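Undergrad: build me a model from this:
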Amino acid sequence: MVMAAGKVAAMNAGAMPEQGGSPRHTDIRAGGWVARLPPAWRPYALLARLDRPIGVWLLFLPGLWGILLGAADPRASARLVVLFAVGSVVMRAAGCVVNDLWDRDIDRKVARTAGRPLAAGLLSTRQALAFLGLLLAIGLVILLQLGWLAQVLGVASLLLVGLYPLAKRVTWWPQLVMGFTFGYGAPMGYAAAAGRVDPAWVTLYLAAILWDLGFDTIYAHQDREDDAVIGVRSTARLFGRHTSTFLAVVFALMVVALVSTGVAAGLSGWYYPALLPVALLLARQVWVLDIHDPARCLALFRGHREIGLLVAAAILIGRTLG
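TA: A predicted model of the protein is given here:
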């Protein structure tokens, strides 16, 4: 108990345990608003990654793309945006709990993740499972507010949520599995707004998968050396110094998928020049990437929120202008 209290105090101060006399690289932000929560709540907030809302954004944005592309009336669209925003917070938290339950032994061996509540012993497995049950119950309430097609897709997504953490143990492509999982909001949002599945549904999902594959490969470079030691696989390890070339291909294919989505959905001609800032920012990511700089990798990863918002803006322009 004394050791756990010491870990909480260090995390609340914004520091992490040290190894070899130097602070470990971590993306945990326990010294912000999380530190003002009641002590008993803080480990749950960190387990849900509420200290790092970027993950919520990256889960929510494909859903926003789908809602805007589905072109429901403004009131219905606004309602769906609110439901998907709340659902993204809840389901991202649920996914993090599942991930950390699977990975708690691995997380103890990786500098960036050693301070996570389950790995650090701040929460028990039973507490995490109870928290997961609460999150899934809230998610079910939100899902029941959607149409039947979106409900079916939502139930199917639970398989991806449960299996994604296992991917790194059996394949060099866990970032692709992550793309299918995090990008799932795109087809769900489109189905919820349009009530159908069609070619635009397929190409938008493909764009979201490729987007996630790219930015999660960048993110994975933070752990590349630790992953090599403990045998965890990733596209960061697979492509190594050739990552920039790999990302150039992935992001180019993402832009092609977005263009194809515009054609399939009948968006106006204004949509295509509106995609230009997206393409330029993706190209910049490839150009400035330094796989040996974890802080740079994290900054580039976080920059994908703006890229995702620009995609949403392009879809909105293509739907409303012309």
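Undergrad: the helices in the stretch 51-200 of the chain, which residues?
TA: Using DSSP state H, counting those that start in this stretch, the helices found in the stretch 51-200 of the chain span residues 54-70, 74-107, 125-143, 148-170, 174-182, 185-194, 199-220.
Undergrad: and the ones you listed as TSV, adding mean neighbour count?
TA: In short, each C-beta sits where N, CA and C put it, glycine included. Shown next, in TSV, are these (neighbours: other CB atoms under 10 Å):
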stretch	mean neighbour count
helix 54-70	25
helix 74-107	19
helix 125-143	16
helix 148-170	16
helix 174-182	23
helix 185-194	27
helix 199-220	25
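Undergrad: if you average pLDDT over each of those, which is lowest?
TA: Among those, helix 148-170 has the lowest mean pLDDT, at a mean of 85.
Undergrad: in TSV, list the helices of the stretch 51-200 of the chain along with distance to residue 228.
TA: Formatted as TSV, the helices of the stretch 51-200 of the chain follow (distance: least, CB to CB, whole Å):
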stretch	distance to residue 228
helix 54-70	24
helix 74-107	13
helix 125-143	28
helix 148-170	12
helix 174-182	14
helix 185-194	32
helix 199-220	12
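Undergrad: just the helices in the stretch 201-322 of the chain please.
TA: Under DSSP H, counting those that start in this stretch, the stretch 201-322 of the chain gives helices at 224-230, 235-239, 243-265, 271-274, 276-288, 294-302, 304-320.
Undergrad: in stretch 239-253, what's buried?
TA: Neighbour counts using 16 or more other CB atoms under 10 Å place 239, 243, 246-248, 250-251, 253 of stretch 239-253 among the buried residues.
Undergrad: distance of residue 249 relative to residue 65?
TA: To residue 65, residue 249 is 22 Å away according to CB to CB, to the nearest Å.
Undergrad: for residue 224, that is, sorry about that
TA: 30 Å.
Undergrad: same deal with residue 231?
TA: 36 Å.
Undergrad: number of nearby residues for residue 36?
TA: The local packing of residue 36 (other CB atoms under 10 Å) involves 8 other residues.
Undergrad: may I have the predicted confidence score for it?
TA: 83.
Undergrad: residue 9 now?
TA: 36.
Undergrad: ok, residue 151 touching residue 143?
TA: Yes: here residue 151 reaches residue 143: they are 5.7 Å apart, a contact under CB atoms under 8 Å.
Undergrad: excluding chain neighbours, what is closest to residue 278?
TA: Distances taken as CB to CB, 6 or more residues apart in numbering place residue 310 nearest to residue 278, at 4.9 Å, with adjacent residues excluded.
Undergrad: neighbours around that neighbour, how many?
TA: For residue 310, the count of nearby residues is 20 (other CB under 10 Å).
Undergrad: the closest residue to residue 103 other than its chain neighbours and residue 98, how far apart?
TA: Spatial nearest neighbour of residue 103, chain neighbours left out: residue 165 (5.9 Å); criterion: CB to CB, 6+ apart. Distance, residue 165 to residue 98, by CB to CB: 6 Å.
Undergrad: go on, residue 166?
TA: According to CB to CB, residue 166 and residue 98 sit 10 Å apart.
Undergrad: same deal with residue 174?
TA: In terms of CB to CB, residue 174 sits 14 Å off from residue 98.
Undergrad: and for the two, which residues touch both?
TA: Common contacts of residue 174 and residue 98 (CB atoms under 8 Å, 6 or more residues apart in numbering): residue 164.
Undergrad: list the contacts for the residue nearest to residue 103?
TA: Residue 165 is in contact with 98-99, 101-103, counting by CB under 8 Å, 6+ apart.
Undergrad: how about residue 297?
TA: 218-219, 221-222, 289-291.
Undergrad: again with residue 237
TA: Neighbour list for residue 237: 172, 220, 224, 227-228 [criterion: CB under 8 Å, 6+ apart].
Undergrad: okay if I get those residues as CSV plus distance to residue 79?
TA: Below are those laid out as CSV (distance: CB to CB, whole Å):
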residue, distance to residue 79
172, 41
220, 36
224, 42
227, 42
228, 47
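Undergrad: least confident of those residues?
TA: For the contacts of residue 237, the pLDDT minimum is residue 227, 81.
Undergrad: so how many other residues sit close to that residue?
TA: If you count neighbours by other CB under 10 Å, residue 227 ends up with 20.
Undergrad: what does residue 144 give?
TA: Look at residue 144: counted by other CB under 10 Å, it has 9 neighbours.
Undergrad: what sits against it?
TA: For residue 144, the contact set (CB under 8 Å, 6+ apart) comprises residue 151.
Undergrad: quick check, residue 255 in contact with residue 280.
TA: No: with contact defined as CB under 8 Å, residue 255 does not count as touching residue 280 (10.3 Å).
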